[in-house]
Structures are given as structure tokens and as C-alpha cells.
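Undergrad: Provided below are the primary sequence and the corresponding predicted coordinates.
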Amino acid sequence: MKIDVLTLFPEMFGGVFGASILGKARDKGIVELNAVDFRLYANNKHNTVDDYPYGGGGGMVLKPEPIFAAVEDLMANTDKKPRVILMCPQGETFTQRKAEELAKEEHLVFICGHYEGYDERIREHLVTDELSIGDFVLTGGELPAMTIIDSVVRLLPGVLGNESSAITDSFSTGLLEYPHYTRPPVFRGWEVPEVLLSGHHARIEAWRREQSLLRTLRRRPDLLESADLTTQERTWLKEKLSETEKPQET
Ligand SMILES: C[S@@+](CC[C@H](N)C(=O)[O-])C[C@H]1O[C@@H](n2cnc3c(N)ncnc32)[C@H](O)[C@@H]1O
């Protein structure tokens with residue numbers, strides 16, 4: 001996969017692209033990661049990429065010319081059009097499903113905004129997706145782009161040493177993941193659940209599924225509506241829910 005990020009601050013990406021799992025994926029040749037300074041595509045002598053908004057108001061607006069020129073340059077030698085993704089708090093909220101969808105693409109181009117935002121024609125005529133990482137506003141699109149790139153790259157085949165760990169991650173199964181424990185078996189008097197020390201694979205799997213269901217019920221019941229559950233599991237969850245809703249005895 002090839003990932004290009006259009007940004008005014010390419011230096012922000014050095015550490016993130018070179019470290020940990022992303023750095024290893026790049027070293028293995030699984031992903032090519034480039035941070036492109038779109039100021040280089042400014043078509044004026046002061047290299048200006050922003051301008052005052054028509055109609056007045058505070059803040060500067062990113063001009064269309066440099067961003068169109070940069071994306072068109074990146075597409076010049078490719079037959080297949082990339083997904084061009086605008087970082088935008090007004091966009092579709094990014095999810096694990098979207099990460100899975102993007103992980104199937106060959107080429108992604110991210111556009112990181114700054115200041116007040118973008119000229120609307122970029123949104124209307126250049127991008128294929130607008131993505132937000134949540135209902136809050138950051139100063140720029142760099143941190144959202146890093147977040148999304150990290151979650152996409154870790155899904156590419158060969159990136160995680162243990163592929164099954166991504167399969168059981170929260171949201172991949174439609175549920176939150178079960179709790180984890182490691183050595184020691186007793187820490188400050190707190191014990192690891194006995195079943196995890198039993199070596200009994202089927203019992204461990206059953207316990208993990210139950211914990212996953214309970215955790216989702218307590219923390220993110222909204223996820224249960226679309227989760228792939230058996231009738232038996234749905235009935236069990238209803239019982240658990242009614243137990244927690246019972247009035248306390250006095
Ligand atoms: C200060 S914000 C502009 C916000 C814009 N005026 C608005 O109200 O929608 C500057 C840039 O940061 C990025 N950004 C900020 N918050 C974001 C979020 N939650 N998700 C994705 N990108 C975000 C976008 O690239 C945005 O263009």
C-alpha cells in the first residue's frame with residue numbers, strides 16, 4: 001500500500017512513520033509512507049497556501065490551487081485513482097469498519113487542513129471521503145491522519161506479528177475485547193481468574209466470549225444491536241440486563 005499525506009508540517013510525521021509498528025511495516029516494504037509539503041505546490045511568489053474568506057469573518061482558508069496540484073501530481077503516474085481523504089471534523093466519524101475498508105485499497109492520499117478550513121471546492125470536486133476522528137476540533141488534520149493511518153496499516157497482512165490479535169480486538173468482532181492478564185498469578189492479593197490458568201482451551205474461549213459480551217453490555221450497549229450474536233447469547237444478555245436493573249433490596 002502507498003500512503004501520501006498532504007500537510008504543511010511534514011516534520012510532524014518523521015517520528016510516527018519511523019517508529020514501532022508503522023516503522024517496521026515501512027522497513028518490510030509493506031507500506032510506503034510519504035509526507036508531502038503542499039506549500040511546494042503554491043503557485044505564487046510568496047508560497048501562500050491560504051487566503052482571507054470571501055464574505056469576511058475570522059481565520060484563513062486553504063486555497064484550492066496548491067491542494068489540487070499536489071493531488072494531481074500524486075495521481076500522475078497511476079492508472080487507478082487513489083482514495084483522497086479529507087481530514088475534517090464535519091466528516092463521517094472514523095470507525096474500525098472504515099479502517100478495514102481502507103486497508104483493502106492500494107493508494108490513500110490524506111489531506112490535512114489547518115486554520116479555519118478549506119475552500120469548499122476541494123471538498124466538492126477533489127476528495128472521495130471526509131473523515132473525522134470525533135466530535136471535537138483540533139488545530140490541524142495531522143494528528144487525525146496519523147491516527148487513521150496507524151489503525152489502517154496495522155491491519156495489512158504481515159504487519160502484526162500475531163495476526164489473530166487484530167481479529168479479536170475491540171470492534172473487529174462487533175464487541176469490546178475481553179480482559180487480559182499476565183504473570184504473576186497473584187499481584188498484591190489480586191488473583192488472575194482461575195479459568196485462565198486451567199489450560200482448558202474451550203473453557204477459556206467460553207469465558208472470554210462471556211466477558212466480551214458483559215463488557216460490551218456495560219460499557220457500549222449500543223454495539224450489541226448490530227453485533228453478530230446467537231439467540232442464546234441475546235437471551236443471556238437480557239437476563240444479565242434485568243439482573244442489573246432489579247431494585248436494591250432494603
Ligand atoms: C481548526 S480545524 C477547522 C474547523 C472548522 N472551522 C470547522 O468548524 O469545521 C482545522 C483543521 O483541523 C483538522 N481537524 C480538526 N478537528 C478534526 C477532527 N475531529 N477530525 C479530523 N480532522 C480534524 C481538519 O483538517 C481541519 O480542517
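TA: Nice, I can see it. These figures come from a predicted structure and were not determined experimentally.

Undergrad: domain assignment for the protein?
TA: 2-153, 186-245 (automatic domain parsing).

Undergrad: wait, is R123 part of a helix?
TA: Yes: R123 forms part of a helix when assessed by DSSP: H, G, I helix; E, B strand; the rest coil.

Undergrad: quick one: S132 and T95 touch, right?
TA: No: look at S132 against T95 with Cβ atoms under 8 Å: they stay out of range, at 10.7 Å. For glycine as for every other residue, the C-beta is placed from the backbone atoms N, C-alpha and C.

Undergrad: how about the domains of the chain, which one is nearest the ligand?
TA: domain 2-153 (2.4 Å; Cβ to the nearest ligand atom).

Undergrad: Report the mean per-residue pLDDT for that closest one.
TA: Averaged over domain 2-153, pLDDT sits at 97.

Undergrad: End to end on that domain, go ahead and measure it.
TA: Start-to-end span of domain 2-153 (Cα to Cα, to the nearest Å) is 10 Å.

Undergrad: try stretch 160-172
TA: The first and last residues of stretch 160-172 sit 15 Å apart, counting by Cα to Cα.

Undergrad: SS state for L223?
TA: With three-state DSSP as the basis, L223 sits in helix.

Undergrad: With distance to T173 added, can I get the domains of the chain in CSV?
TA: What follows is the domains of the chain, written out as CSV (distance: least, Cβ to Cβ, whole Å):
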stretch, distance to T173
domain 2-153, 10
domain 186-245, 7
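
Undergrad: Turn those into TSV, columns for mean neighbour count.
TA: TSV is the format used below for the domains of the chain (neighbours: other Cβ atoms under 10 Å):
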stretch	mean neighbour count
domain 2-153	17
domain 186-245	13
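
Undergrad: how about those in JSON lines, adding distance to the ligand?
TA: Putting the domains of the chain into JSON lines (distance: least, Cβ to the nearest ligand atom, whole Å) gives the following:
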{"stretch": "domain 2-153", "distance to the ligand": "2"}
{"stretch": "domain 186-245", "distance to the ligand": "20"}
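
Undergrad: right, and those - which one's nearest G174?
TA: Of all these, domain 186-245 sits nearest to G174, with 3.8 Å by Cβ to Cβ.

Undergrad: Kindly check the end-to-end length of the closest one for me.
TA: Domain 186-245 has its terminal residues 33 Å apart, counting by Cα to Cα.

Undergrad: what's the answer for stretch 5-17, then?
TA: 11 Å.

Undergrad: Not counting its own residues, what contacts it?
TA: 22-23, 26, 33-39, 49, 67, 70-71, 109-112, 114, 140-142, 145-146, 149-150 (Cβ atoms under 8 Å, 6 or more residues apart in numbering).

Undergrad: which residues does K63 contact?
TA: K63 touches A42, T48, V49, D50, D51, D119, counting by Cβ under 8 Å, 6+ apart.

Undergrad: What about the contacts of stretch 5-17, which are in helices?
TA: Using DSSP state H, L22, G23, R26, I67, A70, V71, E142, A145, M146, I149, D150 are the members of the contacts of stretch 5-17 that sit in helices.

Undergrad: which non-adjacent residue is nearest the residue nearest the centre of the chain?
TA: What sits nearest the mean C-alpha location of the chain, by Cα atoms, centre = their mean, is I148, with 3.6 Å. Using Cβ to Cβ, 6 or more residues apart in numbering and skipping residues adjacent in sequence, the residue nearest I148 is F94, 5.7 Å away.

Undergrad: centre of the chain versus the host helix or strand of K240, how much separation?
TA: K240 belongs to helix 231-245 when assigned by DSSP states H and E. Chain-centre distance of helix 231-245: 31 Å, with Cα atoms, centre = their mean, to the nearest Å.

Undergrad: Give me the helices and strands touching the helix ranked longest in the chain, please.
TA: Across the chain, the longest stretch assigned as helix under DSSP H is helix 201-219. Packed against helix 201-219 by the contact rule (3 or more Cβ pairs under 8 Å, 6 or more residues apart in numbering; DSSP states H and E) you find helix 194-197, helix 221-224, helix 231-245.

Undergrad: Fine by me, we can end here.
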